[in-house]
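**Student:** sequence? don't have it. structure:
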């Protein structure tokens, strides 16, 4: 048969299953968003509507990928964290990255009119690239998330100061850049306050902290009783039946998705939500 | 600084640059399209509008990724071929796969209303997964494309017969399946003709052959004269200046994109379009 | 220059650095050792001299690779464990696997005459293949080592029974195989005892447990005083100076290498040697 | 069973099969050979016995790995080329690299006394690291080999001049280095001739060209007649029977191994030996 003559080409596909017992982060980044910001005249230093759109897209991604336990976003990027023993797509890197990236892209494009009813989306449409990264320990994963949130803070403090100098201070971009060269955080805080009366720490948290998205584990979201109703917190016996898994999936799909602009570098957030990074289904390897 | 304390997490990203001197195919596949077909009541065995939408999306992808030399699509899949020495995204697999897949997804969602004005798109929105495969020789690449087209033929012949039995012959799905068990191509051709008066070879080429998308290399698309105006055919001297590359990119973006439903298994197509798989910029390694 | 014309071929080398924060196991296996056993008439079911040779080779490997914290061997295989944050050869898989495998091979060949003075080594000389595997958690690494030791036990019990039936019971290989089909451990223990008076649990530990090789951390090996003088146990401040690292390396090279035939599945061994899998140089990621 | 409880650790092994239709080069390099040269007092700039030992080891490697079609060595390195469709070890990179590297190491150690009867080998024994590189086209593979030979030439010309200045000219190493700074090939040739009466082009080819090792394809090595008796040159029908393959393997093992010190950058060598890079068993993909 014609097909079998050519079928050998399948052997050129390389396996790309990610190693077991690693947290998988899929981070997506807006492609060419500098141009896109200009094209749609996004507000500087932060466009609230644009960030809200990012967050709304992320919520839907979390809703349909129940193996994602938390997501963190800032600027034009979002990181989706799969729990360490997920077997989604047999952990194949390309499948994971493209599925998350296309789901996010579809949501971003389709929800655009809700956030920018005055600015019809035209070609080139917004798209996102993505990649998988494996983190072998809970601690390293938390450091990854801290890294992104620290990045958010640093960029936002810079951008807030820069655009204050330009928009309120009347400086050119070059002058503002020059003014900020060599300054540290406290210098920028001082400059913002003394020249523009801005208390940086009172700026909206969404700008300073970025956005965390996760599933609510509150008792109210659970109907079967038990200690806290959290499927994640329960060490389920292995093997888990298909029916159980399906029930779990459905429950997760219905779970309330929580969107917060809070610190995730310190321990407080994680102590309040011990279920998020809890081990699943007895797959705890003693970390 | 907070950032540097966490910066080490960057080291967990693995390099995924694909090897040089290989044709890179990014194949995308519709995710959960069996459900999507039912949801939007796609016609069986082929929905012309759905295929047209796939093709229109592919055309735009080809237009924005000038390093793609040809694309081939059938059913809910599309393969995009990057020329063997492309340096786009430094040949990083994740970047290539997600950029193509999200570009295609955005086009598919945004162009949907043009093809299905009567069927508003609702959640879950259509998405596509994707992967990169490297083909080290022109011959192997052609075998890959032949494999996909042979697959199109085999599936379409089966589906055409199956749905004729069901829709015109009044069989149940199970009965039709039973009837087709063990039949070869000639049996199906005969069955179609004798029972339903269908000459399979007269069925629309788009169903039997799938769709090829490539850039036109006709003289008319070229304004600077020269032998045949094909940038691809010209062995350009190395190094090529940035200006030249930019000009080439712009020319390609403006080039007419050709959409054809033709045989690509035989040599005729390739002999008519020698430029498509021609080596670029002196990077011919004697294949 | 001629060289630069061809230098592009370097780009075909793929990066193969293993991910950080993972224990790296290099396991080597004798190539074609079934033939080799016959050729040199190794004793069945275990050849003490051959196992001793394996162990002696492993000791030298451990001595020269100071980043190996423990090794475990049985039959014709040996596993060498690099501590999780080692940066040897920039964690490049091919370098690690080939360096360990060739060092082991050289030792095996050169030490052969010490163990088999009556059997000169002839071509084909003994060689070993090897591969790297990453284990992200201490617990998973211990399970890996348990897996190898459990494998040793199962094979040895089978082989001991099989060869007793053949050598002492006068059965043919086929008959012995038939006799053992479907038996569980207790059956084999019983058979050994009732028919051959062999108490399996009194068989030499080297056969039943395999061999563990690690560095002694006893106070005596240390001259600088302190609690226990273990460099591994000390959380050293980062950055560590080159001189310090060099001193540490030299001390390790001089450290007594301990060879034991003990259980490593239970906790006792690890509790007695907490330093072996201790984190190095503050690189503890909270496991 | 104990074993199955731990068996999951197997899943941490990553697949490392190299892509089909690529020439696989395993290059090995002496580990720490600068020290080894000093320890055994190798002659400068070239130690004939040491090179001869390298070549003798390579010959044996070629003899036992019949899928290696050619090897090229210089200094303390050797490259072994597997034909592009080899299926040895299912093309697994770690297996290929470690098998070649350990075979070479064993030969090097065992043959040492033949070449250095006056210098007993002591610990640390010589070892070699190794790595696999894939070359997708015959042309690229030849460029790889040319790269190594060009490297040989450049280094040898430098070393010959450097050591002449030191050993015959009485310069210190630093003075010699200084003298050679900025010189091109012709300068060195001139210097060698005018100061030391050395015509570089008359230096032994083994120093200037390195060493090529391959199987003889002369008619005399063939008993079954035919056009030229070359198994490689014959397009064998697929499928090839096991018996045929076994016969072919045996024939290759018996084939005369040719060791030459010739130019492999130009076409002459390859035109004289068209069989070396000929496609095997109909697996020609039109390169």
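**Tutor:** Nice, thanks for sending it over. What you see is a predicted model; the values in this text were computed from it and never measured.

**Student:** let's verify residue A:213: helix, strand, or coil?
**Tutor:** Following DSSP: H, G, I helix; E, B strand; the rest coil, residue A:213 is assigned to strand.

**Student:** quickly list what it is bridged to.
**Tutor:** residue A:71, residue A:259 (DSSP bridges).

**Student:** OK, contacts around residue A:25?
**Tutor:** By C-beta atoms under 8 Å, 6 or more residues apart in numbering or on different chains, residue A:25 lies in contact with A:79-82, A:132-135, A:141, A:144. To be clear about C-beta, it is placed using only N, CA and C from the backbone, and glycine gets the same treatment.

**Student:** and it, that's in a strand?
**Tutor:** Yes. Applying three-state DSSP, one finds residue A:25 inside a strand.

**Student:** which strand or helix spans the nearest residue to it once chain neighbours are set aside?
**Tutor:** Once flanking residues are discounted, residue A:25 sits nearest to residue A:133: 4.9 Å by C-beta to C-beta, 6 or more residues apart in numbering or on different chains. Assessed by DSSP states H and E, residue A:133 sits inside strand A:128-135.

**Student:** from the chain's centre, how far out does the helix or strand following that strand sit?
**Tutor:** Using DSSP H and E, the next helix or strand after strand A:128-135 towards the C-terminus is helix A:138-163. Relative to its parent chain, helix A:138-163 has a centroid offset of 13 Å by C-alpha atoms, centre = their mean, to the nearest Å.

**Student:** can you check stretch A:69-87 too?
**Tutor:** Between the centre of stretch A:69-87 and the centre of its chain there are 5 Å (C-alpha atoms, centre = their mean).

**Student:** ditto for stretch A:101-112
**Tutor:** 14 Å.

**Student:** before we move on, back to that, looking at the contacts of residue A:25, which is nearest residue A:96?
**Tutor:** Among the contacts of residue A:25, residue A:132 lies closest to residue A:96 (C-beta to C-beta), at 5.5 Å.

**Student:** so that closest one sits right up against residue A:98, yeah?
**Tutor:** No. Using C-beta atoms under 8 Å as the test, residue A:132 is too far from residue A:98 to be in contact (10.2 Å).

**Student:** neighbour-wise, which of these two wins?
**Tutor:** Shown here are residue A:132 and residue A:98; by other C-beta atoms under 10 Å in any protein chain shown, residue A:98 has more neighbours (32 against 25).

**Student:** state the three-state secondary structure for the more buried one.
**Tutor:** Assigned with three-state DSSP, residue A:98 falls in the helix class.

**Student:** check what pLDDT it gets.
**Tutor:** Looking at residue A:98, its pLDDT stands at 98.

**Student:** wait, isn't it in contact with residue B:99?
**Tutor:** No. Contact criterion C-beta under 8 Å: residue A:98 and residue B:99 do not qualify, at 9.8 Å.

**Student:** residue of chain A closest to chain D, please.
**Tutor:** residue A:15 (4.3 Å; C-beta to the nearest C-beta).

**Student:** helices or strands up against the strand or helix carrying residue A:243?
**Tutor:** Residue A:243 is part of helix A:242-254, with elements assigned from DSSP H and E. Here helix A:242-254 touches no other helix or strand, going by 3 or more C-beta pairs under 8 Å, 6 or more residues apart in numbering or on different chains; DSSP states H and E.

**Student:** give me the angle between it and strand A:211-215.
**Tutor:** Orientation check (axes from the mean of the first three to the mean of the last three C-alpha atoms, to 10 degrees): helix A:242-254 against strand A:211-215 gives 140 degrees.

**Student:** what residues sit buried inside helix A:242-254?
**Tutor:** Neighbour counts over helix A:242-254 (16 or more other C-beta atoms under 10 Å in any protein chain shown) mark A:248, A:251-252 as buried.

**Student:** average pLDDT for it?
**Tutor:** The predicted model assigns helix A:242-254 a mean pLDDT of 78.

**Student:** do stretch A:276-283 as well
**Tutor:** The predicted model assigns stretch A:276-283 a mean pLDDT of 72.

**Student:** repeat that for stretch A:167-181.
**Tutor:** Mean predicted confidence for stretch A:167-181 is 97.

**Student:** that older thread, before we move on, which element is the nearest residue to the residue of chain A closest to chain D once chain neighbours are set aside in?
**Tutor:** Sequence neighbours aside, residue D:15 is the residue nearest to residue A:15 in space, at 4.3 Å (criterion: C-beta to C-beta, 6+ apart). Per DSSP H and E: residue D:15 is located in neither a helix nor a strand.

**Student:** chain B versus residue D:15, what's the distance?
**Tutor:** Shown here: residue D:15 relative to chain B, a distance of 14 Å by C-beta to the nearest C-beta, to the nearest Å.

**Student:** quick one: contacts for residue A:185?
**Tutor:** Contacts for residue A:185 (C-beta under 8 Å, 6+ apart) come out as A:154, A:157.

**Student:** list phi and psi for it.
**Tutor:** Note on residue A:185: backbone dihedrals following degrees, to the nearest 10 are phi -50, psi -50.

**Student:** one more: residue A:66?
**Tutor:** Per degrees, to the nearest 10, the backbone of residue A:66 is at phi -70, psi -10.

**Student:** what distance do you get for it to chain C?
**Tutor:** Going from residue A:66 to chain C by C-beta to the nearest C-beta gives 23 Å.

**Student:** now that residue, nearest residue through space, not along the chain?
**Tutor:** Leaving aside its sequence neighbours, residue A:66 sits nearest to residue A:252 (C-beta to C-beta, 6+ apart; 4.0 Å).

**Student:** wouldn't the one you found be in contact with residue A:215 here?
**Tutor:** Yes. Between residue A:252 and residue A:215 there is a contact under C-beta under 8 Å: 6.4 Å.

**Student:** residue A:38: neighbouring residues, count only.
**Tutor:** Under the neighbour criterion other C-beta under 10 Å, residue A:38 is assigned a count of 9.

**Student:** and for residue A:205?
**Tutor:** Residues near residue A:205, counting by other C-beta under 10 Å, number 14.

**Student:** OK, contacts around it?
**Tutor:** A:261-262.

**Student:** dihedrals phi and psi, it?
**Tutor:** phi -60, psi -30.

**Student:** the stretch 101-250 of chain A against chain C: which residues are in contact?
**Tutor:** By the rule C-beta under 8 Å from any C-beta of the partner chain, the part of the stretch 101-250 of chain A lying against chain C is A:134, A:136-140, A:143.
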